[in-house]
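J.: compute the structure for the input listed below.
(2 chains)
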Amino acid sequence: MTLELPTDISDRYELLADDLDGFDDAESLARYVLDGAAAELERGDGVGDAADSADDGVVEDRLEQLGYLEK
Amino acid sequence: MTGSVYVFGLDGVPPELVERGIDAGRLPSFARMAEEGTDGTTRSTVPPLSMIAWSSFATGRNPGNHGVYNFMLKGEGEYGTEFVNADTLREQSVPVWEYLDAEGRRSGVMNVMPGYPPSETAGFHISDNITTPSTGSYAFPEELQTDIEERVGGYDIDPYEGYDDGTDEDSLRGLLDNFFEIERNRIEVAKLLVAEYPCEFYSLVFQGPDNVLHVLGHVLDETHPKHDPELAERYGDKPMELLELYDEFVGWVMDRIDEEDALMVLSDHGHGPIYRTINLNSWLYQAGYLDLESRPWTRLKQFGYNHVYDAVESVMSDLNLFSKLKMGVARTSGDGAGPDLAELLTISRKDVDWSQTAAFTVASGGQIYLNTDDHDEGAIPPGRYEAVRERLREELLAIEHPERGDRVIDSVLYGEDVYGDEYDATRPDLVCMPAPGYQIQYPQTMKTDRVFGEPPKTGSHTSMNEMQGIFYAWGGPARDESGVTVELPDFAPTACSLLDVPVPEEMDGSVRRDVFDVRGERGRLDGRVEAKRAVRSVVGDLSAD
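T.: Residues are numbered from 1 along each chain as shown, chains lettered A, B, ... in the order given. This next block holds a predicted model:
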């Protein structure tokens, strides 16, 4: 089934498809984005908020315990 | 093929250990892989450190092309460092599971360094032992973490508490008991993941062998200065007992997988005994390549740190305070955000007179940077670069231990010969590979009069002797070969090829057609990864709202 895009969006996606590796044209990029968005929405809560920030102090402690930082 | 690819990493397992277990009839699954599939070795990165090695495994790239040269990275034109985490790898490169995700394949990842924050690609991702904070989420999706905690009883992300050198027997026994318990738990987690979280690509790494071998260097090596035959009698078989646990797990997987599936087992480096350490910055100071500020405060600290703090260190070490003090020093940035302990107590980076410094190192592993004039206070103009580098290289190769009389540095490699060009602005200029038995230590704090010291662990992976890890391949597409040498960047392109995904042009590694019956066509996929990242970011923001 052909994906009908409004002209302004089609033009923008055509430019993006030229820039990004792996897409033949605007339609293939648009279909990829829509499929991807649907899949992510189906996965539900938790997408995008998986982790707290890294803790450098903890990393330093572990590297010291492993002997990679001077004891 | 269109089956699944299972890759299991056993961090730090030396090939001779597995060969001995096969010969003794104690590792039947490894024996079967060798008999029916391909066996050989995995060649590590230079230096053979896990953070660099697993980054090359994950991305299929030479370290120079993912830019993760060490556990901590020097900024371009700077003297400071930042710790690596999974965001570093994602910003500078693309892990294979993102390429697979962009092509609609599900990946399951456990404990591949650097693993935090976990990837949100299709499948699951459990972060690693080094970069994961002590509290908070270690798994994506979060339901997986709940599932693990309810059904397997948890997942220890802090396995290193009390991790000393193991030369005290009570401590050694406690450490080994703890590491074995953690690995039995990890294997239960891995079985849950393989059985109930279906993916096309699994990449599950077990840290246990590395943890155990770090504290058994003096037990396994009869020539180690701290070797005790009675300890060897009691604990010398522990590495093989640990391998038997993994062998049972691998056998369990072999019984479950289908004809078209592929299995690979590797280690990222080997392991060997360590007798002595060398603090490279202290040597550079003594050799005239690194200078300290001449201000009175630095000179006073230099005297105090060299001559007075030995006594203080001894007392504070007994109270387990000295390492905490040093770590506090290492953490201070001197940016005015907090108390600058480095300025008050020790000789550190802040005491270096950069205008008079030609060479320095920023982390363990023997990588040296020249203070070229693209640095803030660079001292070496382009016209002098080769002369300074060559003279330094020759002097490094001539270092001898004052008591042992042996050469300390086996080889000194040029950065451009070892590493690719994409991250050449932060590429080390020289890489020292120590002689077997030596470890090049992290020099955040330094005694300028003491170049050599005792090792923090009696076993490690530092020299050319520890560059080889294990490699086994088995399953329907695997060929019956023996004695192959696989490079760490080869795993990602080979996995892509096994899954009928075009091998990204950006990957440096080879598709190993000598190991598997695969085609291995190349393609450009970075745009699809970029589009997928954008979609995930937008949907994530929507979910957060």
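
J.: in the chain, what spans have low per-residue confidence?
T.: Assuming you mean chain A. When residues are selected by pLDDT under 70, those of chain A lie in A:1, A:45-52, A:70-71.

J.: please go with chain B instead
T.: Checking chain B against pLDDT under 70 turns up B:1-2, B:297, B:300-301, B:303-346, B:443-446, B:544-545.

J.: in it, which residue sits closest to chain A?
T.: Relative to chain A, the nearest point of chain B is residue B:540 (1.8 Å; Cβ to the nearest Cβ). Every C-beta, even on glycine, is put in place using the N, C-alpha and C of the backbone.

J.: for residue B:453, see how far away that residue is.
T.: According to Cβ to Cβ, to the nearest Å, residue B:540 stands 47 Å off from residue B:453.

J.: re the thing from before, so the residue of chain B closest to chain A is in which element?
T.: Residue B:540 is part of helix B:526-544, with elements assigned from DSSP states H and E.

J.: which strands or helices does that helix pack on?
T.: Other helices and strands packing on helix B:526-544, by 3 or more Cβ pairs under 8 Å, 6 or more residues apart in numbering or on different chains; DSSP states H and E, are helix A:26-43, helix B:96-102.

J.: in the longest one, what counts as buried?
T.: Buried residues in helix A:26-43, counted by 16 or more other Cβ atoms under 10 Å in any protein chain shown: A:26-27, A:29-30, A:32-33, A:36-37, A:39-40.

J.: what are the ranges of the strands in the stretch 201-350 of chain B?
T.: B:201-206, B:262-266, B:272-273, B:276-279 (DSSP state E, counting those that start in this stretch).

J.: paired strands for the third one, with orientation please.
T.: When pairing is defined by DSSP bridges, strand B:272-273 lines up against strand B:459-460 (antiparallel).

J.: quick one: furthest residue from the center of chain B?
T.: residue B:296 (39.6 Å; Cα atoms, centre = their mean).

J.: quick one: residues contacting that one.
T.: Contacts for residue B:296 were tallied using Cβ atoms under 8 Å, 6 or more residues apart in numbering or on different chains; there are none.

J.: dump stretch B:179-190 to CSV, restricted to CA.
T.: The C-alpha coordinates for stretch B:179-190 follow below in CSV (Å, rounded to 0.1, in the frame of the first residue of the first chain):
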residue,chain,number,x,y,z
PHE,B,179,32.1,-14.5,43.5
PHE,B,180,30.9,-18.1,43.1
GLU,B,181,27.5,-17.1,44.6
ILE,B,182,27.2,-14.1,42.2
GLU,B,183,28.1,-16.3,39.2
ARG,B,184,25.6,-19.0,40.1
ASN,B,185,23.0,-16.2,40.3
ARG,B,186,24.1,-14.8,37.0
ILE,B,187,23.8,-18.1,35.3
GLU,B,188,20.2,-18.5,36.7
VAL,B,189,19.5,-15.0,35.3
ALA,B,190,21.0,-16.0,31.9
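
J.: run through who's touching the host helix or strand of residue B:386.
T.: Using DSSP H and E, residue B:386 sits within helix B:382-397. For helix B:382-397, contacts defined as Cβ under 8 Å, 6+ apart pick out B:287, B:289, B:358-359, B:368, B:370, B:372-373, B:380, B:407, B:409, B:411-412, B:414, B:429-430, B:432.
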